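Novice: Next comes the sequence, and after it the predicted model I'd like to discuss.
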Amino acid sequence: MLDIKRIRENPEAIKSGIKNKNDNTDVDKILSLDEKRREIIREVEDLKSKRNKVSQEIAQKKKAGENADKTIAEMKAVGDKISSLDSDLRELDEAIRNIIIWIPNLPHQSVPVGSDESANVVVREWGKIEKKDFKVLPHWKIGEKLDILDLEAATRISGSGFYLLKGLGAKLQRALVNYMLDTHSASGFLEIAAPFIVTADSMFGTGQLPKLENDMYKTTEDSMYLIPTAEVSITNCYKQQIISHGELPIKMVGHSPCFRREAGAAGKDTRGMIRVHQFDKVEMVKIVEPENSYVELETLVEQAEKILQGLNIPYRVSMLATGDLSFAAAKCYDIELWSAGIEKYLEISSVSNFEDFQARRMNCRFRDKDKKVRHPHTLNGSGLALARLIPAILENFQNNDGTVSIPEVIRPYMGGIKQIG
RNA sequence: GGAGAGGUGGCCGAGUGGUUGAAGGCGCACGCCUGGAAAGCGUGUAUAGGUAACCCCUAUCCAGGGUUCGAAUCCCUGCCUCUCCGCCA
């Protein structure tokens, strides 16, 4: 959520930022409502001040045994005026809020301006894409052949858009999760196991609501939501908290299933495990002082890259253009890995700085070295998504005899076996 | 799910409808004292909004309504916590 003061003070900058994010919120409407709101606040607060004073006078008179009926009658009128103004004020607050909650975060100045992904900038590539001398099978074929991936069973159970791993496939996922959690823990991230079902308020806090309402699974009885990413649960650990001085930066990591309706996505890159309604992911979250957040963003990307480097999978890192940024992000790097079977770069991690956007929505604050209370910056990054990582391993580590080698760092997590099949 | 009890500042804990933003204590910060420390003494110690301004004003004692000239205090609703019972991995 943007600070109303910031909107009031730099309306033009806000407007252009919003435009670069492909949003068309009416900023002038907010400004005029805000002006009116402050006018009423001044008026109603004057009246309240008067009421407080006179109420004390009434108390004095009563104590002295004097009659205060006339004053009380006058104050009744003042009281009525106050409640009427208070109700106007509530309406204005509501009206402003209903606009402001839909405004996306503004892009950072270092983000390339562009309306879509074609303006994204590749900032680095790592590893060598190996040309295999045989036809690499896509993951859904090699997975079924090795009997470690059963998409049919998943469909039987849950309909389209789900996957089911079994045997060494299931074990591979568990091993990868453990490898990633261990790697991040060793870098100082506190491991968190948080709820997967959260309140609307938490979804609002990290910016999924109200905009992404239709992309999420919701429970009918209690209006709870299934998390689309562990970012929601982990970041909201600090919802409505004032973090003591010296506690920042906070670094957390957690593993969770991610539930996404993927409404309207049918038909596009949907084969196999690539786009599904439920997948596992390891997610990193940082809460940091504003001054450091862009340095922290770089190290967070590097932290995610460590995993791919450890596995020895080639990838590239792109900086997203303004129009491709998510609702809450001010700056974002995508990490894409090369998948040899479907011969595509697959997005496997998205690492973002939200600045104070989420902190404002969550009402999360920290005490800085001058004891001032301020909003921290929040960041998060996948580290990494299993439903993309497993296909990449099945394809990139495929051998011409139809077996799949286990990346070396994963072998200790799989009882020492070197390959599947 | 059933029955009770309860939600007050960083924490504990007072609070008859009328200078209570809130006693007292603890903690914390600073100062005095000391060779240094402890103890002791003194001072300070919430958040948000209105404002150029922590000068002032307003709001906030779980949240939202209501009664009243005036609500931490009375009424209603919701949420949460605790205890006991039930159920359960």
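Specialist: Thanks, I have it. Computed from a predicted structure; not experimentally measured.
Novice: How about the closest residue to RNA strand B within the stretch 251-400 of chain A: what's its closest non-neighbour residue?
Specialist: Minimum separation of the stretch 251-400 of chain A from RNA strand B (C-beta to the nearest atom of the strand) falls at A:V373, amounting to 4.3 Å. C-betas here are computed from N, CA, C, even on glycine. Nearest non-adjacent residue to A:V373, counting by C-beta to C-beta, 6 or more residues apart in numbering: A:R365, 5.0 Å away.
Novice: count of neighbours near that neighbour?
Specialist: 19 (other C-beta atoms under 10 Å).
Novice: So it sits against A:T378, correct?
Specialist: No: when contacts are counted by C-beta atoms under 8 Å, A:R365 is not listed as touching A:T378 (11.8 Å).
Novice: tell me the SS of A:C332?
Specialist: strand (DSSP: H, G, I helix; E, B strand; the rest coil).
Novice: so it sits right up against A:G323, yeah?
Specialist: No: the criterion here is C-beta under 8 Å, and A:C332 misses it with A:G323 at 11.8 Å.
Novice: ok, these two, which is more surrounded?
Specialist: A:C332 (26 against 21).
Novice: Now do the more buried one against A:A321, distance only.
Specialist: Using C-beta to C-beta, to the nearest Å, A:C332 is found at 10 Å from A:A321.
Novice: picking that back up, per-residue confidence for the residue nearest to A:V373?
Specialist: In this model, A:R365 is scored at 90, pLDDT.
Novice: same thing with A:W126?
Specialist: Taking A:W126 on its own, its pLDDT is 95.
Novice: who's it bridged to?
Specialist: A:Y315 (DSSP bridges).
Novice: List the contacts of it.
Specialist: A:305, A:308-309, A:314-317 (C-beta atoms under 8 Å, 6 or more residues apart in numbering).
Novice: Which helix or strand contains the closest residue to A:I142 other than its chain neighbours?
Specialist: Closest residue in space to A:I142, ignoring its immediate chain neighbours: A:L394 at 5.2 Å, by C-beta to C-beta, 6+ apart. Element membership of A:L394 [criterion: DSSP states H and E] is helix A:386-396.
Novice: and after that helix, which helix or strand comes next?
Specialist: Counting by DSSP H and E, what follows helix A:386-396 is strand A:404-405.
Novice: A:N98: neighbouring residues, count only.
Specialist: Counted with other C-beta under 10 Å, A:N98 comes out at 10.
Novice: Ok, A:E347 next?
Specialist: 15.
Novice: Go ahead and confirm it touches A:D334.
Specialist: Yes: contact criterion C-beta under 8 Å: A:E347 and A:D334 qualify, at 5.3 Å.
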